[in-house]
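*Asks:* With the input below, show me the fold.
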Amino acid sequence: MRFLFFCLGFLAISTSTFSQEQEAIMAQSTRDRINFTNLSIPNTGTLWGIKGESGRLIGNPYLDTTWQAGIVKFYGKLGMSTNVDSLVGVPVRLDLVANEVEIRAGAKDIRAAQANRVRYVLMNNPRGTTSLFINAREYRGEADDLKGFVELITPGKLTLLEYPTIHIKRANFNVALNTGTKDDELILQKNWYVVRDKKAVKFSPGKKAVLVLMADKEDQITTFLKAEKPDLKSRDGLLSVFSYYNKL
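*Replies:* Numbers count the residues shown, from 1 in each chain. Now for the predicted structure:
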């Protein structure tokens, strides 16, 4: 029943209060996992097309190849004859090359929604929790140059985001020397961004960078870093220090 109440409340969220919702969504997602439900996607509407075949490259275009139960919130309605703008408990995964949200409606039926039509995706992750992927256009500043989704790591006065992309490493085979590789390779890359007042800037983690960023609470942060010794190059380490700062 707790999950049912969460879903009903989740679908009622208003776009105008989106910035205030993030903390509530993340707090709820640490307690609840998403369950699969029966999926019926309207054939009408223009939110998606049929997923095509991927190219022949080493690697894959996905953030995670595993289908995870998720909630997909669209910017528009799913069809002309419905007021529904969300899908709940559906199998989803993110294609970072095509910049699409894939939704599996059956064993062989895969729908693909363009990222610019999706407001956010809340989905289970391999760590046993949930992840919230927000359309990058919800933020300003350096986020204006980003496509697709950013993952909300921790909300608050200083919001920490992780931006996943796929880099294509091109073939570099040298015929004369018979060296290099003939194959292109897809490589997952992740970059950090920090948001203050809805404006995002790229962030290179490190003790000095953290202290500059959190200069208004420098004494408390310095004490925290000495006592806790978080790994500022890791996700968990950054999560701990940003969460601590946002509680001060």
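*Asks:* Low-confidence regions, this protein specifically.
*Replies:* 1-20, 27-31, 38-57, 175 (pLDDT under 70).
*Asks:* quick one, what contacts Met214?
*Replies:* The contact partners of Met214, by Cβ atoms under 8 Å, 6 or more residues apart in numbering, come to Leu158, Ile221, Tyr245. C-beta: built from backbone N, CA, C; applies to glycine.
*Asks:* Relative to Arg196, how far out is it?
*Replies:* Distance, Met214 to Arg196, using Cβ to Cβ, to the nearest Å: 11 Å.
*Asks:* Sitting in helices, which of the contacts of Met214 do you find?
*Replies:* Under the assignment DSSP state H, those contribute Ile221, Tyr245 to helices.
*Asks:* Identify, from the contacts of Met214, the entry nearest to Ile187.
*Replies:* Using Cβ to Cβ, Leu158 is the member of the contacts of Met214 that sits closest to Ile187, with 29.0 Å.
*Asks:* related to what we said a few turns ago, hmm, which of the contacts of Met214 are the buried ones?
*Replies:* Neighbour-count burial (16 or more other Cβ atoms under 10 Å) applied to the contacts of Met214 gives Leu158, Ile221, Tyr245.
*Asks:* Could you export these as TSV, including distance to Val88?
*Replies:* Output for those, formatted as TSV (distance: Cβ to Cβ, whole Å):
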residue	distance to Val88
Leu158	31
Ile221	39
Tyr245	33
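*Asks:* Name the nearest residue to Asn35, ignoring sequence neighbours.
*Replies:* Counting by Cβ to Cβ, 6 or more residues apart in numbering, Asn35 lies nearest to Gly89, which is 5.3 Å off, once chain neighbours are set aside.
*Asks:* what do you get for Lys77?
*Replies:* Closest residue to Lys77 apart from its sequence neighbours, by Cβ to Cβ, 6+ apart: Asp85 at 5.2 Å.
*Asks:* What is the burial count for that neighbour?
*Replies:* Asp85: 16 surrounding residues under other Cβ atoms under 10 Å.
*Asks:* Tell me how far it lies from Tyr163.
*Replies:* Relative to Tyr163, and taking Cβ to Cβ, Asp85 is found at 25 Å.
*Asks:* Same question for Ser86.
*Replies:* 24 Å.
*Asks:* The residue nearest in space to the middle of the chain - nearest residue in space that isn't next to it in sequence?
*Replies:* What sits nearest the mean C-alpha location of the chain, by Cα atoms, centre = their mean, is Phe133, with 2.7 Å. Distances taken as Cβ to Cβ, 6+ apart place Phe149 nearest to Phe133, at 4.0 Å, with adjacent residues excluded.
*Asks:* Having no further points to raise, I will conclude here.
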